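> with the input below, show me the fold.
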Amino acid sequence: DESQDNEFTLLSATFEWDFEYFTFKSITGYVETSFEIHKDSDYSALDLGELVLEESAEQFSQEIQFLSSGDGPLQWIAGLYYFNEEATRRSTFLQSRYETIADNVSPFFGREIPSAFDVGGDVDSESYAVFGQLTYDVSDAVSVIGGIRYTDDEKSGRNNGAQFLPGNVIPILPPEFYDNPKNGIHPSGQFIVYDEEVGDSWDEVTYRFSVNWQFTDEAMMFANYSTGYKSGGINQVPVPSLAEVIYDPEFVDAIELGIKSTLMDGRLQLNTSVYRNEYEDLQFQVFRLAGPEAFNAEGATVQGLEVEIQAIVTDSLYMDASLGWTDSEFDDQEIPVGGGAVVDIGGNQVQRTPDLTYSLGLTGDWEINDYGSLRLRLEYSYTDEIYYTAFNRDAGFDEAGGSDLADDYHNVNARIFWFSPDEVWTAELSV
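Okay, the predicted model is just below:
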């Protein structure tokens, strides 16, 4: 029978202590998650195949901040950050036709072999960071901001599993596969088991520089330049000796220019910005036999325009709207896809990045005497078409290559809320 079981636990605590010259702040978090899915993989009335996906993770994070508390032109913040995660993931594809083979090869390996294609492992992640930021008011209208952060990441674990091999042909394996006593392949070529240690570490310095100019009482112009970093990681893949197990960190140089304004005696807020992000070793996801895997593209550029509006139409009616236009493109490059083949993704749209998005929302509030109050919320949004992968395939599903194109769509929501007079109780109806 198909089933799905999800569990999620989140605990967080924030503490602040004010001293004479600074404020001490502690932010602690703990997260524990697990899910298990059993899915019929043969789509028939017979019990021929079952896919079991299992994941569990335990996270702990601690951030300590020291914040200036004076009224002078110089404000500062400094801090430390720590993160630890222990995660396990398994993908198991059970098939009844594998049972005879599993029984035959189990004596060779000296243990019971599952009648399955089994891929998974454990990954432990640990991250340390130290950071600081200074804000200096050059004048009543101009302030400059500078920040820096050093991050050190380490990920280690094991990739282990077992799988049946097609064709009864022993594959060519590198010497390091046979150097590991936990790895093995049956002489018939029908089955292979592996248990390999994997891991890597990275460190990076990132920084930020900004200028804010309050050129009128109602409007401020800003300019930001910053660098960003996302750590690399570990793919849990079949036979790590034959695959790209480690993917590299991702880097970005980001520039943003914009204006934030409050007009019409505070009844209208208008924010606009333009931005350009240049990525190096951009991480993207593809789906393989064992599930999702991450790879690195050489580079990509994402640039665009954003507009946000909030307006008080009447004392009881509020409006908000947004517009986003994005131009995203991979740099010229070829991505290996196995078997010596490559795919040119140069000029392709970055995955999950729509060219156009916009939204409109209306909120109305009404008092209903001694019975509390009502709020009506209407929302409309549009999202342009996207590709789910960097390959930008748009063939039909019955054609070679398939498709990873998702059509554009419109979304309409309507919600009505009731609030009790003491605001202790709330009821919501939505469509």
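> what number of residues lie near Glu2?
9 (other CB atoms under 10 Å). (Each C-beta comes from the backbone N, C-alpha and C, glycine too.)
> how about the one 10 residues further on?
For Ser12, the neighbour count with other CB under 10 Å is 10.
> do the same with Tyr279
Burial measure for Tyr279: 24 neighbouring residues, criterion other CB under 10 Å.
> with Ala13 instead?
By other CB under 10 Å, 9 other residues sit near Ala13.
> next: the one 10 residues further on.
Here the neighbour count serves as a burial measure; for Thr23 (other CB under 10 Å) it reads 14.
> do the same with the one 5 residues further on
Other residues lying near Thr28 total 14 when counted by other CB under 10 Å.
> secondary structure element holding it?
strand 22-40 (DSSP states H and E).
> other SSEs contacting whatever helix or strand comes next after that strand?
Per DSSP H and E, the first helix or strand lying C-terminal to strand 22-40 is strand 49-68. Judged by 3 or more CB pairs under 8 Å, 6 or more residues apart in numbering; DSSP states H and E, strand 49-68 is in contact with strand 22-40, strand 74-95.
> check which residues of the last one are buried.
Put plainly, it is strand 74-95. For strand 74-95, a neighbour-count test (16 or more other CB atoms under 10 Å) marks 75, 77, 79, 81, 83, 85, 87-95 as buried.
> same question, stretch 151-162
Going by neighbour count (16+ other CB under 10 Å), the buried part of stretch 151-162 is Thr151, Asp153, Lys155, Gly157, Arg158, Asn159, Asn160, Gly161, Ala162.
> what's the closest of these to Leu305?
Ranked by distance to Leu305 (CB to CB), these are led by Thr151 at 30.4 Å.
> surely Glu244 is within a strand?
No: Glu244 sits outside any strand when classified using DSSP: H, G, I helix; E, B strand; the rest coil, being coil.
> could you tell me how many residues sit around it?
When neighbours are counted by other CB under 10 Å, Glu244 registers 14.
> list the residues that contact it.
For Glu244, the contact set (CB atoms under 8 Å, 6 or more residues apart in numbering) comprises Asn235, Val237, Phe295.
> hmm, try it at 7 Å
Listed by CB atoms under 7 Å, 6 or more residues apart in numbering, the contact partners of Glu244 are Asn235.
> again with the one 10 residues further on
Contacts of Ala254 were listed using CB under 7 Å, 6+ apart, and they are Ser226, Gly228, Tyr275, Asn277.
> let's see 6 Å
Ala254 makes contacts with Ser226, Asn277, as judged by CB atoms under 6 Å, 6 or more residues apart in numbering.
> just the element for it, please.
Here Ala254 sits within strand 250-263, counting by DSSP H and E.
> CSV for the buried residues of stretch 151-162, including secondary structure, pLDDT and distance to His38?
Shown next, in CSV, are the buried residues of stretch 151-162 (DSSP: H, G, I helix; E, B strand; the rest coil; pLDDT from 0 to 100; distance: CB to CB, whole Å):
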residue, secondary structure, pLDDT, distance to His38
Thr151, strand, 98, 39
Asp153, strand, 97, 34
Lys155, strand, 96, 29
Gly157, strand, 91, 25
Arg158, strand, 90, 24
Asn159, strand, 87, 23
Asn160, strand, 85, 21
Gly161, strand, 81, 18
Ala162, strand, 78, 19
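> Glu197 pairs with what?
Counting by DSSP bridges, Glu197 is bridged to Arg158.
> report how many residues lie close to it.
Residues lying near Glu197 (other CB under 10 Å) number 13.
> picking up where we left off before, ok, then the element right after the strand holding Ala254?
Counting by DSSP H and E, what follows strand 250-263 is strand 268-280.
> so in that sheet, which strands flank that following strand, and in what orientation?
Paired strands of strand 268-280, with direction, are strand 250-263 (antiparallel), strand 299-312 (antiparallel) (DSSP bridges).
> coming back round to it: which of the buried residues of stretch 151-162 lies closest to Leu356?
For the buried residues of stretch 151-162, the residue nearest Leu356 by CB to CB is Thr151; the value is 34.1 Å.
> make sure I have this right: Asp122 is in a strand.
Yes: looking at Asp122 with three-state DSSP, it is inside a strand.
> against Trp425, how distant is it?
Per CB to CB, to the nearest Å, Asp122 is found 46 Å from Trp425.
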